[in-house]
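In: Turn this into a structure:
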Amino acid sequence: MKYNDTMETMPQKDLQKLQLEKFKKQVNHVYKNKFFKSVFEQENFHPEKIRYWEDIKQVPFTYKKYLRDNYPLGLLSGNWDDVVRVHMTSGTTGIPTPMVYTKNDLDTWSECLARGLIAAGLKPGDIVQQSHGIGLFTGGFGFHYGLERMGAKIIPTGSGGTERQLRLMKEWGVTAFVSTPSYAVYVAETALEKGIDLVSELKLRIGFHGAEPCSEELRKRINKLFGYKEHGEGGGVKVTYGLTEMGGPISMECAHENGIHIWADHYLVEVIDPDSLNDVEPGQPGELVISNLSFEAMPLIRYRTGDRVIVDFETCICGRTHPRITKFLGRVDDMILVSGTNVFPSQVEYVLLKHDKLSENWQLIVGEKKGLHTLKVEVEPVPGTEIDDNYVANIEKELHSYLLIKCKVEIKPVGSLPRFEGKAKRVIDKRQDSV
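Out: This next block holds a predicted model:
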């Protein structure tokens with residue numbers, strides 16, 4: 001089943017022709033913006049230079065810094081009077097990253113989500129519990145209107161109230177759950193404490209878990225905890241992708257779990273080498289660059305996401321012709337530099353979750369001692385398991401081998417580490433507090 005069969009299966013030659021036409025139009029649109037016009041002129045670029053597909057590479061990149069330096073409306077290319085909604089990031093690390101929308105922008109966004117939800121295996125009439133917060137964060141509203149558009153029954157719980165979340169799942173026969181991966185783990189943990197068997201007592205078939213990285217090991221654990229694959233064909237965790245700069249959540253895996261589909265009629269995807277800025281070879285890792293081809297209010301062209309990915313541009317086995325993120329290698333922003341070594345939290349999680357005795361509750365502590373950086377993982381065991389010193393020593397060896405830097409492992413009491421209703425904060429950097 002497809003939401004928009006004609007567009008989702010459009011031959012790639014026709015799709016590329018459509019992209020070029022929309023790209024030209026969008027470049028002319030953002031050129032009206034005072035800031036973008038100055039950036040283009042500094043790079044000796046004018047929209048008239050875009051004639052062929054190869055000319056796309058002449059357009060200057062857009063960076064997150066531009067959004068923050070021009071907060072709140074310096075990058076508005078549309079008419080402020082046409083704006084009907086405002087979203088933004090929390091801004092906990094500085095100035096928020098804003099996004100504003102016209103009615104048409106919201107319509108485009110909801111269609112992208114509706115396409116993805118149906119591609120993932122959701123059906124009109126499915127009962128979906130949506131636990132992303134309804135507020136400035138894009139996830140809650142994005143999923144709500146996407147679900148509404150494709151015909152699902154929505155229970156908009158928002159975040160928190162975990163015991164209530166479980167009660168509602170049981171009372172209303174919920175078949176799909178929307179949350180961050182870390183909150184899904186917390187819900188499962190709470191169910192265990194309350195004696196609720198998620199597999200036998202609930203009907204959950206699909207989990208849409210995004211807004212933070214979800215490793216393959218974590219996906220397997222969540223599938224097992226909730227019994228997604230035992231409650232119907234095509235069930236399981238469907239990884240989602242999005243970013244505020246492109247409007248919010250925009251894409252997700254299809255039922256085949258063969259990559260995250262990005263709708264090419266609305267978003268133009270490039271994968272570049274972050275050093276040379278040239279396209280990488282097909283199937284090779286690189287930085288994801290996206291152009292918003294359809295938004296009116298604040299579209300960004302050739303936006304460098306900072307996300308390290310592998311993208312497959314070939315047609316999916318589901319028949320959809322749009323590009324797919326087949327591997328998410330982490331955000332550049334998530335990288336920690338420890339004694340000259342690049343460390344990604346996803347690498348740590350990969351090692352930890354291979355061990356059945358370790359739970360999904362962990363955090364990474366970066367410190368400093370006598371001028372040298374230190375790395376420590378605090379992790380809780382699975383309740384009821386015993387872990388000895390040899391077990392810990394083996395994990396430390398694995399982490400050293402994988403990270404190429406020493407990493408101490410400390411087993412913490414069950415329930416002692418923080419739980420998260422929204423995005424998990426896995427890294428605590430104490431170096432700025434060191435003397």
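
In: Which residue ranges of the stretch 1-150 of the chain form helices?
Out: 5-8, 12-30, 34-42, 64-69, 103-119, 138-150 (DSSP state H, counting those that start in this stretch).

In: Ranked by average pLDDT, which of the ones you listed falls at the bottom?
Out: In terms of mean pLDDT, the lowest-scoring of these is helix 64-69 (a mean of 94).

In: Which helix or strand contains the most centrally placed residue in the chain?
Out: Nearest residue to the geometric centre of the chain (C-alpha atoms, centre = their mean): Y241, 3.6 Å. Using DSSP states H and E, Y241 sits in strand 236-243.

In: quick check: mean pLDDT across that strand?
Out: Per-residue scores along strand 236-243 average to 95.

In: now that strand: how far from the chain's centre is it?
Out: Relative to the chain's own centre, strand 236-243 is displaced by 6 Å; criterion: C-alpha atoms, centre = their mean, to the nearest Å.

In: for stretch 217-231, same thing?
Out: Counting by C-alpha atoms, centre = their mean, stretch 217-231 comes out at 19 Å from the chain centroid.

In: cool, stretch 360-367 as well?
Out: Taking C-alpha atoms, centre = their mean, one finds the center of stretch 360-367 at 21 Å from the center of the full chain.

In: now stretch 290-302
Out: Here stretch 290-302 is found 18 Å from its chain centre; the criterion is C-alpha atoms, centre = their mean.

In: Going along the chain, name the strands of the stretch 101-250 of the chain.
Out: For the stretch 101-250 of the chain, the strands defined by DSSP state E, counting those that start in this stretch cover 127-130, 153-155, 176-179, 206-209, 236-243, 248-253.

In: quick one on the thing from earlier: can you name the residues bridging to the residue nearest to the centre of the chain?
Out: Bridge pairing for Y241 (DSSP bridges) gives the partners S251.

In: Distance check, it against I56.
Out: In this structure, Y241 and I56 are 22 Å apart, going by C-beta to C-beta, to the nearest Å. (Glycine included, C-beta is placed from N, CA and C.)

In: Repeat that for P383.
Out: Going from P383 to I56 by C-beta to C-beta gives 53 Å.

In: higher neighbour count, the two?
Out: Ranked by neighbour count (other C-beta atoms under 10 Å), P383 and I56 place I56 first, with 18 against 11.

In: Contact partners for that one?
Out: I56 is in contact with L20, F23, I50, L268, E270, R302, counting by C-beta atoms under 8 Å, 6 or more residues apart in numbering.

In: hang on, the earlier thing: between the strand holding Y241 and strand 248-253, how big is the angle?
Out: With axes from the mean of the first three to the mean of the last three C-alpha atoms, to 10 degrees applied, the angle from strand 236-243 to strand 248-253 works out at 140 degrees.

In: what's strand 236-243 in contact with?
Out: 116, 120-121, 138-139, 142, 181, 206-211, 214, 219, 222-223, 228-229, 248-253, 255, 257, 260, 262, 305, 307, 325, 328.

In: Restricted to buried residues, select those residues in ChimeraX.
Out: Buried residues among the contacts of strand 236-243 (16 or more other C-beta atoms under 10 Å), as a ChimeraX selection:
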select :116,120,121,138,139,142,181,206,207,208,209,210,211,214,219,222,223,228,248,249,250,251,252,253,255,260,262,305,307,325,328
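
In: Can you list the low-confidence ranges for the stretch 251-400 of the chain?
Out: Residue ranges of the stretch 251-400 of the chain with pLDDT under 70: 332-333.

In: would you list every one of the strands in it?
Out: All strands of the stretch 251-400 of the chain, identified by DSSP E, counting those that start in this stretch, fall at 260-261, 267-272, 286-292, 303-312, 324-331, 336-338, 341-343, 358-369, 372-381.

In: Of all these, which one is nearest A191?
Out: Of all those, strand 358-369 sits nearest to A191, with 13.7 Å by C-beta to C-beta.

In: Tell me the strands beside the closest one, with direction?
Out: Applying DSSP bridges, one finds strand 358-369 paired with strand 372-381 (antiparallel), strand 427-429 (parallel).

In: Looking at the ones you listed, which is nearest to E281?
Out: E281 lies closest to strand 427-429 among these, at 32.0 Å (C-beta to C-beta).

In: Outside of the closest one itself, which residues are in contact with it?
Out: D334, I336, P345, Q363, L364, I365, V366.

In: ok now it, how far from the chain's centre?
Out: Counting by C-alpha atoms, centre = their mean, strand 427-429 is centred 20 Å from the centre of its parent chain.

In: Ok, stretch 366-386 next?
Out: Relative to the centre of its chain, stretch 366-386 is centred 26 Å away, using C-alpha atoms, centre = their mean.

In: in it, what's buried?
Out: Residues V366, G367, E368, H373, T374, L375, K376, V377, E378, V379, E380, P381 are the ones in stretch 366-386 that count as buried (16+ other C-beta under 10 Å).
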